[in-house]
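Undergrad: Mind folding the following:
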Amino acid sequence: MKKIIAILLILIFLICITSSLNFVYAVEESSEESTVDDIFDQADDFIHQGEEQLSATGGIDETLLSNTTDFLYNLLLAVGIVLAVGVGSVLGIKYMMGSVEEKAEYKQTLVAYLISCVVVFGAFGIWKLAINILSGV
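TA: Purely as a prediction, here's the structure:
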């Protein structure tokens, strides 16, 4: 029975692999054959188009970028605080209501919870510190 299951799993695995083959053609559909010079010309055109767009827009808007990162920082920090308070409250209530064996399990969970809080809020602190230091450069 185990051999039949193993053979079926191998067959399913092989069918999945062969049915998901993707073919990538790095040549434009209009040209039948491409030379190395064509590839370099297309790469140069790509770089030139990027330089034109950069000069036309005047570069990156630093105030917009700063506002976006501040919003993202505050949003993620708020979500982290809400989750930390919620999970901490649930773990605390379960710890208070649990039996002796359950309390031992919840203590292990609380240690992991505290470590995760330190990692989350430490990461936000490091992010804010890096932004403050790099904004002065």
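Undergrad: Please, which helix or strand holds the residue positioned nearest the centre of the chain?
TA: When C-alpha atoms, centre = their mean is applied to the chain, the residue found nearest the centroid is residue 76 (13.5 Å). Counting by DSSP states H and E, the element that carries residue 76 is helix 62-97.
Undergrad: Relative to the whole chain's centre, how far out is that helix?
TA: 17 Å (C-alpha atoms, centre = their mean, to the nearest Å).
Undergrad: What of stretch 92-110?
TA: Taking the mean of its C-alpha atoms, stretch 92-110 sits 33 Å from the chain's own mean (C-alpha atoms, centre = their mean).
Undergrad: what's the domain layout of the protein?
TA: Domain assignment for the chain, taken from automatic domain parsing, gives 2-57, 62-135.
Undergrad: quick one: the first one to chain centroid distance?
TA: Counting by C-alpha atoms, centre = their mean, domain 2-57 is centred 23 Å from the centre of its parent chain.
Undergrad: Ends of it, what's the gap?
TA: Distances were taken as C-alpha to C-alpha, to the nearest Å; on that basis the terminal residues of domain 2-57 are 65 Å apart.
Undergrad: and that domain, average pLDDT?
TA: When pLDDT is averaged along domain 2-57, the result is 77.
Undergrad: so residue 106 makes contact with residue 98?
TA: Yes. Counting by C-beta atoms under 8 Å, residue 106 sits close enough to residue 98 to count as a contact (6.0 Å). Quick note: C-beta positions are derived from backbone N, CA and C, even for glycine.
Undergrad: Neighbour count for those two, which is higher?
TA: The residue with the greater number of neighbours, taking residue 106 and residue 98 and applying other C-beta atoms under 10 Å, is residue 106; the counts read 19 against 13.
Undergrad: Name the SS class of that one, please.
TA: Secondary structure, DSSP: H, G, I helix; E, B strand; the rest coil: residue 106 is helix.
Undergrad: Check what pLDDT it gets.
TA: Confidence per residue is given as pLDDT, and for residue 106 that number is 85.
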